[in-house]
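J.: Sequence first, then the predicted structure, then my questions.
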Amino acid sequence: MPRNLRIAVVMDPIERIKAYKDTSFAMLLSAQARGWECWYIEPDWLFFADGRPRATCAPVSVFDAAERFHELGEHQVHDLTAFDIILQRQDPPIDLNYHYVTGLLALAEQAGVVVANRPDAVRAANEKLLAQHFPQFCPPTVVTRSIELIRAFAAEQGEIVVKPLDAMGGSSVFKVSEEDVNTQVILEVMTHDQTELVMAQRYLPEIRTGDRRVLLIDGEPVDHALLRIPGERSFRANLAAGGRGEVVPLRPRDREIAAAVGPWLAERGHWFVGLDVIGDWLTEINVTSPTCAREITAATDTDVTGRLLDSLAQRVAKQTGGHGAP
């Protein structure tokens, strides 16, 4: 007989989220709607003892409401193998502590738990560099700590954007040109005086009409994207940086990119992915904690996170001889 599944979400403190647009919260809503047993774990609650990966956990109930949107039960300690599925949803930066978390989750995966995205795959993938596996879809790009090389690139391209390799949400992204009097100091700060790598890409004027977040589930694109449009006095379209969102159907170019990168990503264990596309160009591949599912679901009645959970439940069923499907 089919059984309900036990799912845990490893995420940053739930009391700080904006539930109306949080994709991790949407995953919990979808799991709860399926009758699954839902648990909440903060990254710092993971540990290893007695030869087993373990965590302090709390049962969680969620409510699709603006104020009282969650309720935690009594904290308990469990082996991670007590769960069928663990969703790794901790936000960047990808620092050493983040790597240690993926290492603990890899031990759970080795013991038979379905962990999404796969911890070894997440640890190996820098979201800025990951897109460069497909340079035919990317704008001209350099990754370097050399200010001289970045300035030469800016002189060649006209205008460029410079961004750190480990941030998210449009944080610390600068638009510069070779003639700008502030370029030198911006690059000194960004590279920490040429000691840290940064990414520079040709500035894409198409950003004025927005960038599209294309979601992939097990390598297949969701039929709609969230078009994120910059504010009037900004070039950053990220919602966290003041952009506004509009749900739009995928374009042929979006599907072309998804068809090329989706199967490659899924094969490596990136089962929930967000592609960032500006104009015809792929700029980033988000695999740590992709967002925008709630906006797409609200506008299209497509249960984006439910599709992901159903896909993961099929993986559980395969590992348990067909007894893990919801």
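T.: Perfect, thanks for sending it.
J.: Compute the first-to-last residue distance for stretch 4-24.
T.: Using C-alpha to C-alpha, to the nearest Å, the span of stretch 4-24 from its first residue to its last is 20 Å.
J.: residue boundaries of the helices in the stretch 101-250 of the chain?
T.: The residue ranges that make up the helices of the stretch 101-250 of the chain, judged by DSSP state H, counting those that start in this stretch, are 119-124, 127-130, 147-157, 183-190.
J.: Show the average pLDDT along the longest one.
T.: Meaning helix 147-157. Per-residue pLDDT over helix 147-157 has a mean of 97.
J.: Equivalent analysis for stretch 113-131, please.
T.: pLDDT averaged over stretch 113-131 gives 95.
J.: before we move on, the earlier item: quick one, which of the helices of the stretch 101-250 of the chain gets closest to Phe137.
T.: Phe137 lies closest, by C-beta to C-beta, to one member of those: helix 127-130, at 11.9 Å. Bear in mind the C-beta positions are built from the backbone N, C-alpha and C, glycine included.
J.: and the closest one, what does it pack onto?
T.: In terms of contact count using 3 or more C-beta pairs under 8 Å, 6 or more residues apart in numbering; DSSP states H and E, helix 127-130 is assigned the packing partners strand 281-286.
J.: List the contacts of the strand it packs on.
T.: 125, 127-128, 130-131, 134, 137-139, 168, 201, 204, 206, 211, 257, 261, 265, 273-277 (C-beta atoms under 8 Å, 6 or more residues apart in numbering).
J.: just to revisit the earlier point, save the helices of the stretch 101-250 of the chain as TSV, and put in distance to Pro249 and mean neighbour count too.
T.: As requested, those are arranged in TSV below (distance: least, C-beta to C-beta, whole Å; neighbours: other C-beta atoms under 10 Å):
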stretch	distance to Pro249	mean neighbour count
helix 119-124	29	19
helix 127-130	25	20
helix 147-157	31	17
helix 183-190	36	16
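J.: can I get the ones you listed in JSON lines with distance to Thr23?
T.: Conversion of the helices of the stretch 101-250 of the chain to JSON lines gives the following (distance: least, C-beta to C-beta, whole Å):
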{"stretch": "helix 119-124", "distance to Thr23": "16"}
{"stretch": "helix 127-130", "distance to Thr23": "15"}
{"stretch": "helix 147-157", "distance to Thr23": "33"}
{"stretch": "helix 183-190", "distance to Thr23": "29"}
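J.: Relative to His75, which of these is closest?
T.: Each of these was scored for nearness to His75 using C-beta to C-beta, and the closest is helix 119-124 (23.3 Å).
J.: if we can go back for a sec, can you select the buried ones among the contacts of strand 281-286 for me in ChimeraX?
T.: Burial among the contacts of strand 281-286 is assessed by 16 or more other C-beta atoms under 10 Å; the matching ChimeraX selection reads:
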select :125,127,128,130,131,137,138,139,168,201,204,211,257,261,265,273,274,275,276,277
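J.: Narrow the contacts of strand 281-286 to those in strands?
T.: Counting by DSSP state E, the contacts of strand 281-286 place Gln201, Asp211, Val273, Gly274, Leu275, Asp276, Val277 in strands.
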